[in-house]
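A.B. asks: Structure of the sequence below:
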Amino acid sequence: MAILYWLSFLLFIACIGYVSKRLSKPSLTEWLINSFVLFIGSVIPVGFILSAIDQTANTFSWIVGNYVAIGLQYLFWSFILPVQEVFSIRSVIRNRWSTFCLWSKELSLYLRFIFTILFGTLLIVSVANLALVLFTAPNEWDSMTGHLNRVIRYIQNGTMAHFGGANWNMDTYPKSPTTIQIYSYLISGKIENAMKLLHYLSYWITVVAVFGMAQRIGRNLSASVFCAICYSLFLDFLVQAISTETDIVLTAYLSCLMYYLFTYFNTRENKYLYLAGLTFGIALGHKITFVFLLPSLFVIMIYTVFAAPNTRVFLDRFWRLAVSIVMSVMVYALPSGYIRNIQVFGHPIGPPTALKHQSIERAGSLRNLFEQGSRNVVRYSYDFFNLDGIRNAQWGFDLNQTIRKPIIVLEDKLGMRLDEEQDFTIVPFRFNRGFDYYNAIPYWGVLGFALILPIILLVFFRVLRSRVHWFLALAFILHFLAISYTAAYDPFKGRYFIGTGLFGVLFLLLLFSHHRLTILKPRRSIWRGYIAIVVMTACVSAVMAVFLNMRALPFPAYGMKSAFNADRIAFQTFARPDVTRAYQRFDSLVPRSATVALGTVNSDFEYPLYGPDLTRRLISINPFEKGLQPIPKDADYLFYAKSVINDTSRIKALPTDIRLGSDTTMTGLAEKGEDYYLRKLK
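C.D. replies: Below you'll find the model as predicted:
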């Protein structure tokens, strides 16, 4: 049966490629981007419909639904667009390969050195990441508590309707990414790692889109390749490529949207407005943090779309983009869970507890928001100024401490109280962030603070002049401010800057075009030498970020096993080592086909409890803020945290309950796990 599923999937991909070709110019970049958007745009609404009719777990329903969806896409685009130029994808690929070979032969010795290092590093880290995607289980914190946990729960329930999970994200998080993960899991024949493919695909599509944007802006092949590869080595982007975190997928959507806007600026073809509107709705339905990007996107739209020669042209562009956005929001965003959240919790994001924990409400008064948000701007700026990747090793940590001494002294002299003031923070700011934070969630690395950020400031303050880059600088600053002022400081929020990087990386175009920055002039030996050092340091950082990523080590390090050889439960609970033994004992005592009632709390890792084949059925009896519910009659076992079921709860703890063995004495943890017990019910 799995072979049939794979064949149907390959045929679906072929159909997407065909429809994409009808939309695209003879451009490999555009064809790939359009194919990605069509794939996402077909799967998501099918998932919503199947959920409504309780067919979420039916693979054949997914197959039929996706064929219908891509058929409707073909009819829709054929109706609103004129006939496009017919071309062969094979001939385009051959043409691009010959162009690449010719380009590489004509590079100067200096550029050949730069690109050899970049391509070599990209090859090493991408092969390592692909192996980690294919052969290691997911283990990110949010996935263990929410994202992947609910994928399996929705499949078990046959619908994506609210079910009352212990973690608020189980019910409140938009369901768009979940539909794609469910489809990937089912169509692959229930291969767990298929749920990672969306994220790894997003990595490459974003790289392609960065190349496309750079080509539209700079029209320089060397500059475009340089931008694309440098972005592929951004550390936060690189580390998320193997994860099931949602930010990298949102970044892919944003990159496609920006590609369409800049392509519209060059061509003035209305189809790019429609495609931009389609992608806008998909992005909004993916994650509410897309709202943080709206001011920045509006700035880009002013430059690419709304700056019209007269009112008639402006209105013509505006209504086309606006209508496409409204239609896309209705199809992709509203059904993703925002409306249901309003019905259940009274707010499109979720319950008040979640809002107070993460949103602007945590700041209190407007005056305090301005004060603490301003501190957050400086805090995140300090976080950027680190040799992330390199400081995963002790010698790199020592080097990082040395280069940061002047800015730490500056903060002390100015009395900004960045680390002393803890209001409007989730995890208090520290000049020396904990290893767990900078190892798992690095920032951009040396490319950011040593190259891109200074250029952004020079352009914004008009020291360097480039019209398009001034708008990009404003977009960058607005997103930076949005992250700082709209949520409490959290070192893990560094992952949000993966999207900000799309604005920032395009400033590398100026190294090939601006007369004051160009590295194409041989006589600028000091400047060219500096760029070479930054690039080499960035490459070393990228390799160290991948090969010394404690969450997924390709080779043994830090006294830990390789991710390929690690015990599954130990690997998935590496962030909660105090509960590892308890989970291992649970796995040894509970049959893999059992139904288990869960008396767990909001931050408990539930995903490992499904077992290696994801076959156990889990039922939450302590839904978020609803109180303890009765044990279902069909439950075979009860797994509970001592804080949930005790002598004062509705369900009493029994002397015969088995204590699973959480280490309650362990210290130095990001968050302590619970003391877990197991009860056999049948």
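
A.B. asks: Please name the nearest non-neighbouring residue to Ser126.
C.D. replies: Distance criterion Cβ to Cβ, 6 or more residues apart in numbering; nearest residue to Ser126, sequence neighbours excluded, is Ser232 at 7.7 Å. In this view, the C-beta of every residue, glycine as well, is placed from N, C-alpha and C.

A.B. asks: any idea how far Ile519 is from the one you found?
C.D. replies: Taking Cβ to Cβ, to the nearest Å as the measure, Ser232 falls 19 Å from Ile519.

A.B. asks: next one: Tyr443
C.D. replies: According to Cβ to Cβ, Tyr443 stands 24 Å off from Ile519.

A.B. asks: and if you look at Phe9?
C.D. replies: Phe9 sits 44 Å away from Ile519, taking Cβ to Cβ as the criterion.

A.B. asks: These two: which is more packed in?
C.D. replies: Per other Cβ atoms under 10 Å, whichever of Phe9 and Ile519 has more neighbours is Ile519, with 22 against 18.

A.B. asks: Let me know whether my guess that the more buried one is in a strand holds.
C.D. replies: No - applying DSSP: H, G, I helix; E, B strand; the rest coil, one finds Ile519 to be coil, outside a strand.

A.B. asks: The chain should start at 688 in everything you say after this.
C.D. replies: New numbering, starting at 688: the last item is Ile1206.

A.B. asks: Next up, the contacts around it.
C.D. replies: Residues near Ile1206 by Cβ atoms under 8 Å, 6 or more residues apart in numbering: Tyr797, Leu798, Leu1198, Phe1199, Trp1214, Arg1215, Ile1218.

A.B. asks: now Val1018
C.D. replies: Contacts here follow Cβ under 8 Å, 6+ apart; on that basis Val1018 touches Pro732, Gly968.

A.B. asks: Run through the stretch 738-887 of the chain and note the low-pLDDT ranges.
C.D. replies: Along the stretch 738-887 of the chain, the model assigns pLDDT under 70 to no residue.

A.B. asks: ugh, wrong one, I meant the chain
C.D. replies: Regions of the chain meeting the criterion pLDDT under 70 cover residues 1042-1046, 1048, 1050.

A.B. asks: For stretch 1326-1333, list every residue counted as buried.
C.D. replies: Neighbour-count burial for stretch 1326-1333, counted by 16 or more other Cβ atoms under 10 Å, picks out Phe1326, Tyr1327, Ala1328, Lys1329, Val1331, Ile1332.

A.B. asks: ok, so of those, who is nearest Leu1151?
C.D. replies: Distances from Leu1151 to the buried residues of stretch 1326-1333, taken as Cβ to Cβ, are shortest for Ala1328 (56.7 Å).

A.B. asks: How about the contacts made by the closest one?
C.D. replies: Gly1286, Thr1287, Val1288, Asp1291, Glu1361, Asp1362, Tyr1363, Tyr1364.

A.B. asks: For Phe1084, grab phi and psi.
C.D. replies: Backbone geometry at Phe1084, expressed as degrees, to the nearest 10, gives phi -60, psi -40.

A.B. asks: if you skip the residues just before and after it, what's nearest to it?
C.D. replies: Closest residue in space to Phe1084, ignoring its immediate chain neighbours: Arg1078 at 4.4 Å, by Cβ to Cβ, 6+ apart.

A.B. asks: quick check, that neighbour in a helix?
C.D. replies: Yes - counting by three-state DSSP, Arg1078 is located in a helix.

A.B. asks: That one and Val912, how far apart?
C.D. replies: As for Arg1078, its distance to Val912 is 29 Å (criterion: Cβ to Cβ).

A.B. asks: okay, those two: which has more neighbours?
C.D. replies: Higher neighbour count among Arg1078 and Val912: Arg1078, with 27 against 20, using other Cβ under 10 Å.

A.B. asks: returning to that earlier point: output the contacts of Ala1328 in CSV; the columns should cover distance to Val986.
C.D. replies: Shown next, in CSV, are those (distance: Cβ to Cβ, whole Å):
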residue, distance to Val986
Gly1286, 49
Thr1287, 44
Val1288, 42
Asp1291, 42
Glu1361, 46
Asp1362, 51
Tyr1363, 50
Tyr1364, 55
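
A.B. asks: What degree of burial does the residue nearest to Thr1287 when sequence neighbours are not counted show, as a neighbour count?
C.D. replies: Spatial nearest neighbour of Thr1287, chain neighbours left out: Ala853 (4.6 Å); criterion: Cβ to Cβ, 6+ apart. Neighbour count for Ala853, taken as other Cβ under 10 Å: 24.

A.B. asks: quick one: Ala853 and Leu1285 touch, right?
C.D. replies: Yes - between Ala853 and Leu1285 a contact is recorded at 6.7 Å, counting by Cβ atoms under 8 Å.

A.B. asks: Between the two, which contacts overlap?
C.D. replies: In terms of Cβ under 8 Å, 6+ apart, Ala853 and Leu1285 are both contacted by the residues Glu1293, Ser1307, Asn1309.

A.B. asks: Measure how far the lengthiest helix in the chain is from the centre of its chain, please.
C.D. replies: Under DSSP state H, the helix in the chain containing the largest number of residues is helix 796-822. Relative to its parent chain, helix 796-822 has a centroid offset of 21 Å by Cα atoms, centre = their mean, to the nearest Å.

A.B. asks: Just the buried residues of it, please?
C.D. replies: Applying a neighbour-count criterion of 16+ other Cβ under 10 Å, one finds 797-798, 801-802, 804-805, 808-809, 812-813, 815-816, 819-820 buried in helix 796-822.

A.B. asks: wait, which of the residues you listed is closest to Thr743?
C.D. replies: Nearest to Thr743 among the buried residues of helix 796-822 is Val820, at 24.3 Å by Cβ to Cβ.

A.B. asks: Run through the helices of the stretch 838-987 of the chain in chain order.
C.D. replies: Counting by DSSP state H, counting those that start in this stretch, the segments of the stretch 838-987 of the chain that form helices are 856-859, 863-874, 884-905, 908-919, 922-927, 934-954, 958-973, 981-988.

A.B. asks: need those in JSON lines with distance to Phe1158, can you?
C.D. replies: JSON lines is the format used below for the helices of the stretch 838-987 of the chain (distance: least, Cβ to Cβ, whole Å):
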{"stretch": "helix 856-859", "distance to Phe1158": "35"}
{"stretch": "helix 863-874", "distance to Phe1158": "29"}
{"stretch": "helix 884-905", "distance to Phe1158": "11"}
{"stretch": "helix 908-919", "distance to Phe1158": "17"}
{"stretch": "helix 922-927", "distance to Phe1158": "22"}
{"stretch": "helix 934-954", "distance to Phe1158": "11"}
{"stretch": "helix 958-973", "distance to Phe1158": "16"}
{"stretch": "helix 981-988", "distance to Phe1158": "6"}
